[in-house]
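**Student:** Please find the sequence and the predicted model below.
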Amino acid sequence: MKGHLVANTGPVIALASIDRLDILRTFFISVQVPQAVHDEIMQGGSRFTGLAAYRRADWIVVVPDTPLDPLLSTVLDKGEAAVITLARSSSADVVLIDESKARKIARTIYGLRVIGSARVLVEAKRHGMLDNVAAALQAMREYGYWLDNAIVQYALREAGEAE
């Protein structure tokens, strides 16, 4: 999964909460977040378990926000709209978004390649960077990150961990 990645708030929080942002650094040439996403992450403050991990990830580049597409601003939150806008303007290879509506818009309207945090974990296991996808997903959930059961089951099947 080499290339340039633009990441949304949710997956960064999820991976940081289990201290596995390093996976993104290994898989991608560059990892960017728009200022709006950075601000959302920082607003989590001391309640956000992964804040220290995010702050240590000095290789994540925070990019100043640019004017958002008016369509995006009406249907998505500011962070998601900023991710899609940045991905389009920077010719990013991949966007990392978990929220289903934003994923669908990024993929179908803007033609972006979209992955989610569960896909990152599956690929990490395939590359020997992670032993157990189920444990990582469970840890994310224990830290309060919501993932649909269908996505979890799909990821476990892809990782060879489904029962």
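**Tutor:** The structure has been received and is ready for your questions.

**Student:** pLDDT wise, what is Ser46 at?
**Tutor:** Taken from the predicted model, the pLDDT recorded for Ser46 is 54.

**Student:** Please apply the same query to the one 5 residues further on.
**Tutor:** Leu51 carries a pLDDT score of 86 in this model.

**Student:** can you check Tyr145 too?
**Tutor:** According to the model, Tyr145 scores 89 on pLDDT.

**Student:** And Ile109, by the same measure?
**Tutor:** Reading off the confidence values, Ile109 has pLDDT 93.

**Student:** residues near it, how many?
**Tutor:** Number of residues near Ile109 (other C-beta atoms under 10 Å) recorded here: 13. Any C-beta I mention is one placed from the backbone N, CA and C, and that applies to glycine too.

**Student:** Next, find the distance separating it from Tyr54.
**Tutor:** With distances defined as C-beta to C-beta, to the nearest Å, the gap from Ile109 to Tyr54 amounts to 29 Å.

**Student:** Same question for Asp39.
**Tutor:** For Asp39 relative to Tyr54 (C-beta to C-beta), the value is 12 Å.

**Student:** more crowded one of the two?
**Tutor:** Tyr54 (20 against 16).

**Student:** Quick check: the more buried one touching Ala14?
**Tutor:** No - look at Tyr54 against Ala14 with C-beta atoms under 8 Å: they stay out of range, at 11.2 Å.

**Student:** Centroid-nearest residue for the protein?
**Tutor:** With distances taken as C-alpha atoms, centre = their mean, the chain has Pro11 as the residue nearest its mean C-alpha position (3.1 Å).

**Student:** Tell me the spacing between the residue lying closest to that residue once chain neighbours are set aside and Ile29.
**Tutor:** If the residues on either side of it in the chain are set aside, Pro11 comes closest to Ser117, at 4.0 Å by C-beta to C-beta, 6 or more residues apart in numbering. Taking C-beta to C-beta as the measure, Ser117 and Ile29 are separated by 19 Å.
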